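> Sequence and predicted structure, then a few things I'm wondering about:
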Amino acid sequence: MSPASGPRSAGVQGPSAARVPRAGTAVWHRAVLLVLGGASLVAGLDAALVLLGLPAPVGGNAAPALPAAHGTLMVLGFVGTLIALERAVALRRAWGYAAPALLGGGALVQLGPWGAAAWPARLSLLAGTVAFALVYVPLWRRQRDPAVLVQALGAVAAAGAAGLLAAGVAVPAVVPWFAAFLLATIAGERLELARLRIRGPWAEPLLVAVNAALVALCPATLLWPAAGYPLFGLAVLALAAWLVRYDVARATIRATGLPRYVAACLLAGYAWLAVAAGVCLLVPGAPSGAAYDAFLHAVFLGFVMSMVMAHAPVILPAVLRRPLPYRPVMWVPAALLHATLLLRLALGDARGETAAWQWGGAGNVLAVLAFVALAAHSAARARHPHGSRASRALAGGTGAP
């Protein structure tokens, strides 16, 4: 399940679309895989509280491997499983479900007594990312589209990250690979909608070039961090500029209801990308300490989680055939996410205020949990089978992104 599902999942045919199941189609296995991703999210948020030095339901003493597994739980276990699940639905082949199963299972295996460095977890995550990358081969053959190519570049970055982790490289050094994976995946999906605004022949090749640069610069951040990180930051800034320039959110922010909500989440996410780019450009070498925290969470909370919140009303129906109607209360966790992230970065990281850093981090966790609870409640209460309204809205059919 991708954080940014484009119009093809809304009925416009294409290789990256998450096809809506026909009536009677069994989706229980998808629900099981979704549970794996959800369990990774819950464990990752618990680990976040431990890392913040705050009380957590499962503390570091009870689960010593939990803090070290935080990054892989959130990126590969949660978001990676959801993206891979959406791609498996689009592929419509049984073997495609191996990727989300291996990613979700491998992330949770890290929590055993053997710890995050155990070879079963690393091997499972590596196999999951490789299987995920292979999914794009038939998708590319189905339709040779730049959007699929950009997403495939992200899958290559994910496999590179898992390979480095399997080789014993520390998570902080792998963060640019994680970032390239999610940035390219989301950018490829947004391209499908940006075509509504693109004029001229250069916009799509430019997006491919920017994302190819992101992936190509990942080894540079590892081998030559003094030069690699500023260049990586420039590529992130270029991607943010491209998204702001061409995304339909700039137009639909003036709408109401779901269109405006989605547009606001998107534009806020693009702003956080610029913040992450600024950290890479202004901090010499590999970010560490407060700079590392700022870069990490500007990308993975400010951008990626905002994308998840924006597109949940169309992602869940596409994967599970279960409606998730838009409700105005969805603004509350979205606003809380960005407000508490601003507190965490502006006062906690930038000014060294430990209390602001902890309160901001706790607010981040609360915002994500509140959105998950709200989404589950809304889906459970929904009575009507989902139609095309939310999909058309995200596709621009009713003026939404």
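Structure received.
> Skipping its backbone neighbours, what lies nearest Ala213 in space?
Spatially, and ignoring its direct neighbours in sequence, Ala213 is nearest to Ala235 (4.6 Å; CB to CB, 6 or more residues apart in numbering). The C-beta positions use only the backbone N, C-alpha and C, and glycine is treated the same way.
> That neighbour contacts Leu214, correct?
Yes. Counting by CB atoms under 8 Å, Ala235 does reach Leu214; the two are 4.7 Å apart.
> Tell me which of the two has more neighbours.
Neighbour count, other CB atoms under 10 Å: between Ala235 and Leu214, Leu214 has more, with 27 against 24.
> Low-confidence stretches in the stretch 301-401 of the chain?
Across the stretch 301-401 of the chain, the ranges flagged by pLDDT under 70 are 383-401.
> For it, which segments count as strands?
With DSSP state E, counting those that start in this stretch, there are no strands along the stretch 301-401 of the chain.
> do the same with the stretch 51-200 of the chain
For the stretch 51-200 of the chain, no strands are identified by DSSP E, counting those that start in this stretch.
> And the helices in it?
Secondary structure of the stretch 51-200 of the chain by DSSP state H, counting those that start in this stretch: the helices cover 70-72, 81-91, 98-109, 119-142, 146-166, 171-194.
> Need these in TSV (columns: mean neighbour count and distance to Leu54).
As requested, the helices of the stretch 51-200 of the chain are arranged in TSV below (neighbours: other CB atoms under 10 Å; distance: least, CB to CB, whole Å):
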stretch	mean neighbour count	distance to Leu54
helix 70-72	24	13
helix 81-91	27	26
helix 98-109	26	22
helix 119-142	20	26
helix 146-166	24	26
helix 171-194	26	20
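> a markdown table for those, including distance to Gly59 and mean pLDDT?
A markdown table is the format used below for these (distance: least, CB to CB, whole Å; pLDDT from 0 to 100):
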| stretch | distance to Gly59 | mean pLDDT |
| --- | --- | --- |
| helix 70-72 | 14 | 94 |
| helix 81-91 | 25 | 92 |
| helix 98-109 | 18 | 94 |
| helix 119-142 | 21 | 94 |
| helix 146-166 | 24 | 97 |
| helix 171-194 | 20 | 94 |
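> TSV for those, including distance to Met330?
TSV is the format used below for the helices of the stretch 51-200 of the chain (distance: least, CB to CB, whole Å):
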stretch	distance to Met330
helix 70-72	26
helix 81-91	18
helix 98-109	25
helix 119-142	29
helix 146-166	26
helix 171-194	19
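> Quick check: which of those helices is nearest to Ala274?
The minimum distance between Ala274 and these falls on helix 171-194, with 12.7 Å, by CB to CB.
> one step back: the residue nearest to Ala213 and Val215, how far apart?
From Ala235 across to Val215, the span is 9 Å (CB to CB, to the nearest Å).
> again, but for Gly360
Applying CB to CB, the value for Gly360 to Val215 is 31 Å.
> same check, this time on Leu102
Using CB to CB, one obtains 22 Å as the distance from Leu102 to Val215.
> same thing with Gly348?
Separation of Gly348 from Val215 (CB to CB): 31 Å.
> between those two, which one's more packed in?
Comparing Gly348 with Val215 by other CB under 10 Å, the one with more neighbours is Gly348, at 26 against 23.
> need the contact list for the more buried one.
Gly348 makes contact with Ala290, Asp293, Thr354, Ala356, Trp357, Gln358, Gly360, Gly361, according to CB atoms under 8 Å, 6 or more residues apart in numbering.
> Pull out the buried residues from those.
Buried subset of the contacts of Gly348 (neighbour count, 16 or more other CB atoms under 10 Å): Ala290, Asp293, Ala356, Trp357, Gln358, Gly360, Gly361.
> pretty sure the fourth one is touching Leu341, no?
Yep, that's Trp357 we're talking about. No. Trp357 lies out of contact with Leu341 (CB under 8 Å); the separation is 11.1 Å.
> Could you find the closest non-adjacent residue to Trp177?
Distances taken as CB to CB, 6+ apart place Ala161 nearest to Trp177, at 3.6 Å, with adjacent residues excluded.
> how about the one you found, what does it touch?
Residues counted as contacts of Ala161 (CB under 8 Å, 6+ apart) are Val75, Leu76, Thr129, Val174, Trp177, Phe178, Phe181.
> Before we move on, what's the pLDDT of the residue nearest to Ala213?
As predicted, Ala235 sits at a pLDDT of 98.
> What backbone torsions are found at it?
phi -70, psi -40 (degrees, to the nearest 10).
> if I look at it, how far off is Arg199?
Ala235 is 24 Å from Arg199, where distance means CB to CB.
> Same question for Met305.
Remark: distance between Met305 and Arg199 (CB to CB) = 31 Å.
> ok, the two, which is more surrounded?
Shown here are Met305 and Arg199; by other CB under 10 Å, Met305 has more neighbours (28 against 7).
> give me every residue that touches the more buried one.
Neighbouring residues of Met305 by CB under 8 Å, 6+ apart: Leu337, Val368.
> measure the residue nearest in space to the middle of the chain to Leu91 for me?
Geometric centre of the chain, nearest residue: Val304, 4.2 Å, by CA atoms, centre = their mean. Between Val304 and Leu91 the computed distance is 23 Å (CB to CB).
> got it, and Cys218?
Distance, Cys218 to Leu91, using CB to CB: 26 Å.
> List the contacts of the nearest residue to Gly163 once chain neighbours are set aside.
Closest residue in space to Gly163, ignoring its immediate chain neighbours: Leu126 at 5.9 Å, by CB to CB, 6+ apart. Contacts here follow CB under 8 Å, 6+ apart; on that basis Leu126 touches Ala159, Ala162, Gly163, Leu165, Ala166.
> What is the nearest of these to Leu66?
Closest approach to Leu66 among the contacts of Leu126 (CB to CB): Leu165, at 16.5 Å.
> give me every residue that touches that closest one.
For Leu165, the contact set (CB under 8 Å, 6+ apart) comprises Thr72, Arg122, Leu125, Leu126, Val171, Val174.
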